[in-house]
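> dropping the sequence and predicted coords here.
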Amino acid sequence: MTLRVYDTRSRSKRVLTPLEEGKIGIYACGITPYSPSHIGHARQAIAFDIIVRWLRKTGYEVNYISNFTDIDDKIIAVSQEEGVDFLEVANRNIEDYFTVMDKLNVIRANSYPRVTETIPEIIEMIGDLIRKNHAYVSADGVYFEIDTAPEKYGQLTGQTLEMVRKGAGGRVAETGSGKRDHRDFALWKSAKEGEPSWDSPWGHGRPGWHIECSAMSLKHLGERFDIHGGGTDLLFPHHEAEIFQSECCLGHDPVVQYWLHNGMINVDGEKMSKSEGNFWTVSEALQNVDPLVLRYALINAPYRQPVDFNTVMIEDSSSHYGRLLSSYSEALHVSKESHIGQYEIESLNISSERLINGMNDDFNTRKALVEIQVVVKELASLLQSNDRDPIRIGEYVTWLEEFAGGVLGILPPRKSASEFYENKLSRRSEIESEVERLLEMRDVARESKDWSKSDKIRDELHEMGVVVEDGPEGTRWHVL
RNA sequence: GCACGGAUGGCAGAGUAGCUAUGCAAGGGAUUGCAGAUCCCUGGACCCGGGUGCAAAUCCCGGUCCGUGCUCCA
């Protein structure tokens, strides 16, 4: 089955055909580091992490670029507020980004270009746009002139020039800058007093918001590349502006073959965003939630769907992840190696096929998760049974490592999974004699039908973290 | 207002024409002093109104509701 992806520009799922056989270039808009990363950033990072993982597993050599827009109005605002250099603000938040994304098991991109390291390329591109009459110099900067390429308007959002003219309503009057038309957008902003700036043919200033991505994608991926991604909130104006800039500068279209956009995180049904003030930073969330539980929660819906972030979905993910981890870690303990991709167990092959079909259908992580859940359930029941065949269990371990680990990234490293299980074992042996003693007392109580005493002992054991289970073959117990 | 998405059982969330989605939760049974674990079984949904079809959750038209974008945003 071939891989199909939903392309925002054509509004349909299209078979992914790379420009160069066997290779994929992908650019995903990263963050503007003016504050610590929030859950929405994590969603974006994880979505494209999984896309890249899947492309690689499919056999593509992937060049994945994700940028930092490390100079902009908000970064300047924060730096002025704190009285520190703007780069200090940016660096601090970039560090936070890497710290939390590492915890969330996000594989690093091949490169993380920054605006401040791309200034010469940006200046060159702006110069090019001016020479080609797509941009004009004004009193307060350089602007892209929309009317020079009206056919490119609305490529991603379906809006026409007229619609925006109307829809902008009262805001249109506030243009107030050197723009000729309110829909023109800044390529270069002249420096204001006390702001960081770079020298350019148009005086000191800094890049406008959109030009950096055109310049960086060109620099790192070339004049045409396969995939451009980002959140749906960037559709307009950011990504449409990029289309204007890149295509008008390079003189061909399309520059980007496929546009992929991830959905937003909602809180109580509304988009979580910094400006709404209803956001959780990732590090705040990680104080209460295991990073892999958070990752699990964020891939529970396909990447294009909005995700409603609330305690119920976290608890749900937590219990699913708990099942996965406890089965995996126990299986690891009793298993023998097997080889990835070659499974004797028929149900594993069926699940593989379903999972692969799901991922090939626009990276449907939900379908993949369903198969993980099914396999975990089978494994748990196998571990519970008397038939704990190490080779069979080994196949489950390998399968989980291939798909839950490699593809979805929701499995901890072997080492920590083993430790998880060994901690349970050592806790078990630590308290074993005490537990046995209490259980004997309980047995005596039970024989004399002294249920209140028996239950009291069970409660006591429960407080020690021991779960008691009476079965047909006597009483068993395990550590929570 | 305009644009783009979405609306499926208690919850999450698949499914684009006919065949059990799945997981969790719930109910019933087995087991059990009770509880838990396990096993077996079960119920339950396709926003509304039209249309096309032998057949529609699935296609078409109209409507309603929700989200996002139109302003800095992943």
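Alright, I've got the coordinates.

> pLDDT at the residue nearest the centre of chain A, what is it?
The residue lying closest to the centre of chain A (CA atoms, centre = their mean) is A:Ile46, at 1.7 Å. Note for A:Ile46: predicted pLDDT of 96.

> equivalent analysis for the one 3 residues further on, please.
Here, the pLDDT recorded for A:Asp49 equals 96.

> wait, a helix at it?
Yes. According to DSSP: H, G, I helix; E, B strand; the rest coil, A:Asp49 belongs to a helix.

> surely A:Cys249 touches A:Asp128?
Yes. Between A:Cys249 and A:Asp128 there is a contact under CB atoms under 8 Å: 5.0 Å. Yep, even glycine has a C-beta here, placed from its N, CA and C like the rest.

> when those two are compared, which one has more neighbours?
A:Cys249 (24 against 16; other CB atoms under 10 Å).

> what residues does the stretch 201-350 of chain A have near RNA strand B?
A:209, A:230-238, A:262-266, A:269-275, A:300-302, A:304-308, A:312-313, A:316, A:319-320 (CB under 7 Å from any atom of the strand).

> distance of whichever residue of the stretch 351-480 of chain A sits closest to RNA strand B relative to A:Glu432?
The stretch 351-480 of chain A approaches RNA strand B most closely through A:Glu469 (2.6 Å), counting by CB to the nearest atom of the strand. With distances taken as CB to CB, to the nearest Å, A:Glu469 is found 16 Å from A:Glu432.

> low-confidence ranges in chain A?
Scanning chain A with the threshold set as pLDDT under 70 gives A:1, A:163-177, A:276.

> can you point out the buried residues in stretch A:53-70?
For stretch A:53-70, a neighbour-count test (16 or more other CB atoms under 10 Å) marks A:53-56, A:60, A:62-70 as buried.

> only alpha carbons, please: show stretch A:408-421 as CSV.
Below are the C-alpha coordinates for stretch A:408-421, written out as CSV (Å, rounded to 0.1, in the frame of the first residue of the first chain):
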residue,chain,number,x,y,z
LEU,A,408,5.1,5.9,17.7
GLY,A,409,7.9,6.5,20.2
ILE,A,410,5.7,5.7,23.2
LEU,A,411,8.0,2.9,24.7
PRO,A,412,10.7,3.8,27.2
PRO,A,413,14.2,2.4,26.6
ARG,A,414,14.7,-1.2,27.5
LYS,A,415,16.9,-0.2,30.4
SER,A,416,14.2,1.9,32.1
ALA,A,417,11.5,-0.6,31.4
SER,A,418,13.6,-3.4,33.0
GLU,A,419,14.3,-1.2,35.9
PHE,A,420,10.6,-0.5,36.3
TYR,A,421,10.1,-4.3,36.5
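
> was I right about A:Glu223 contacting A:Pro254?
No. At 11.0 Å, A:Glu223 and A:Pro254 do not qualify as touching, with contact defined as CB under 8 Å.
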